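Engineer: Turn this into a structure:
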Amino acid sequence: DPENQDFLPENIINNVVLTDQFNPLIRVDFEMKNSLSVLAEVRADRALSLSFDNNLLTEINGKEYTLGLGYRFKDVKLVTNFGGEKQRLKGDLNLKADLSLRDNITIIRNLDVDNNQITSGQNLLSVKFTADYALSKNLNALFFYDHSFSQFAVSTAFPQTTINTGFTLRYNFGN
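Structural biologist: As a prediction, this is how the structure comes out:
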């Protein structure tokens, strides 16, 4: 500003955000010769938001641990009666169960004074089960069940339970 001889910045930056995710940080996933599959996984994520308006650093940390087991039953035979005609189906039946524990926490840090406060967060326990069967070369049927329990870090929030379940038919138009 030539009148006041003040420097006016070309860009005003009010907030800086840094996000990192290790998705997964560690993962072990294998299937043995006896058709048993095992999964172990650790995920970590963090978001830092620095506000220059009020000198606050908001930190959101998350860690998730997952254990899973699965089993493949080969060449399972099913008899169906679609349209009055009996058909014999032969395909693999895959069963999979996962148990995961996730911990989220949000901390607000004031840079002017030594005052750190936990403002939100939750512990989330999730149990997932899937079963899929190959009805034909291109048609697959999938049943899923997901049950999750949330316990919040702040005492004003109530625990929460969520259940998702369903059935999916998937047709592959490819090979």
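
Engineer: F144 pairs with what?
Structural biologist: The residues listed as beta-bridge partners of F144 by DSSP bridges are T130, G166.

Engineer: One more: R72?
Structural biologist: The partner residues for R72, given DSSP bridges, come to N94.

Engineer: which SS class is the residue lying closest to F30 once chain neighbours are set aside?
Structural biologist: The shortest distance from F30 to any non-neighbouring residue, by CB to CB, 6 or more residues apart in numbering, is to V38 (6.0 Å). From N, CA and C alone the C-beta is placed, and that goes for glycine too. Following DSSP: H, G, I helix; E, B strand; the rest coil, V38 is assigned to strand.

Engineer: For N14, give me phi and psi.
Structural biologist: Torsion angles at N14 (phi, psi; degrees, to the nearest 10) stand at phi -100, psi -20.

Engineer: Touching, it and S49? I think so.
Structural biologist: No. Between N14 and S49 there is no contact, the gap being 10.7 Å when judged by CB atoms under 8 Å.

Engineer: what about those two, which has more around it?
Structural biologist: With neighbours defined as other CB atoms under 10 Å, N14 and S49 compare such that S49 has more, 15 against 9.

Engineer: Cool, thanks, signing off.
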